[in-house]
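**Student:** generate coordinates for the sequence data below:
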Amino acid sequence: MTLQEKNEELKNYLSQLGSVAVAFSSGVDSTFLLKTAHDVLGDRVIAVTARSCSFPERELNEAVEFCKAEGIRHFIVDSEELDIDGFSSNPKNRCYLCKHELFEKIAVIAAEHGISEIVEGSNEDDNGDYRPGLQAVAELNVRSPLRHVKLTKDEIRELSRELGLLTWDKQSFACLSSRFVYGETITREKLSMVDRAEQLLLDMGLKQVRVRIHGTIARIEVLPSQLMQLVEGPKRQEIVDAFHGLGFSYVTLDLDGYRTGSMNLTLPEE
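**Tutor:** Okay, the predicted model is just below:
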């Protein structure tokens, strides 16, 4: 199936759903999904964004601005993961706990506004990694239109570029809790440390970053092509000083570079 055929199938699928509430994070996938759904269904679409300490303010602001510019009804729901029983201990099903609670809250908003379906933005590539959040998607009958038509991340970027979406080359993002080793306690303080550290790197012009936290050790992941930018010139000392100021005892650079789900390497084999 060609890319344009997949896109047409996506539009047909959304049309058949009738009305949708989009779980909207302002990321590449959910922005494309929301834009396409709104183009197809118009006022029968709402966007719902979660506000929590693991979701950077910059992402929330982008979500608000996008919906305002597109004329999409937008609802912000407080979904504080650290208040979920067991979440802060960072079990391997952490993402399931979060997504289950979030989708239940979206369901309430959808029902209040006569919306029949909830949709989320996972794509075909997500099938190849450990994604416990997809269990919540299945249990609560949440739809995954991009996975349904087998759109990959690269294909979504290409279609986003054709639509003129600024997110077409935006860095991939996952909630800040994903920066913690499974079993390490997640706290507001450490989430703030990670958020501020990543913002510093983004402000330096780095394209795709992760600051993984191991106790008080920061493990920086960037694109392999940008590794040398962190170790040559004045940036290295600036980063070190800033990270120490945030509370990190040690600042390390991962020579493997950025890759999604690197914390899943710490999961025991079953």
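**Student:** Glu117 and Ala21 touch, don't they?
**Tutor:** Yes: at 7.3 Å, Glu117 counts as touching Ala21 under the criterion of C-beta atoms under 8 Å. All C-beta atoms are positioned from the backbone trio N, CA, C, and that covers glycine.
**Student:** residues in contact with stretch 154-170: which ones?
**Tutor:** 3, 6-7, 26-29, 31-32, 35-36, 123, 146, 151 (C-beta atoms under 8 Å, 6 or more residues apart in numbering).
**Student:** what's the closest non-adjacent residue to the residue nearest in space to the middle of the chain?
**Tutor:** Using C-alpha atoms, centre = their mean, the residue of the chain that lies closest to the mean C-alpha position is Ala174, 3.4 Å off. Excluding its sequence neighbours, the residue lying closest to Ala174 (C-beta to C-beta, 6 or more residues apart in numbering) is Thr260, at 7.4 Å.
**Student:** overlap in contacts, Glu117 and Ala21.
**Tutor:** Shared contacts of Glu117 and Ala21 (C-beta under 8 Å, 6+ apart): Ala110.
**Student:** ok, those two, which is more surrounded?
**Tutor:** Between Glu117 and Ala21, counted using other C-beta atoms under 10 Å, the more crowded position is Ala21 (26 against 19).
**Student:** what about the more buried one, is that helix, strand or coil?
**Tutor:** Classification of Ala21 using DSSP: H, G, I helix; E, B strand; the rest coil returns strand.
**Student:** tell me the contacts of it?
**Tutor:** Here Ala21 is in contact with Val45, Ile46, Ala47, Val48, Ile106, Ile109, Ala110, His113, Ile115, Glu117, Ile118, Val119 (criterion: C-beta under 8 Å, 6+ apart).
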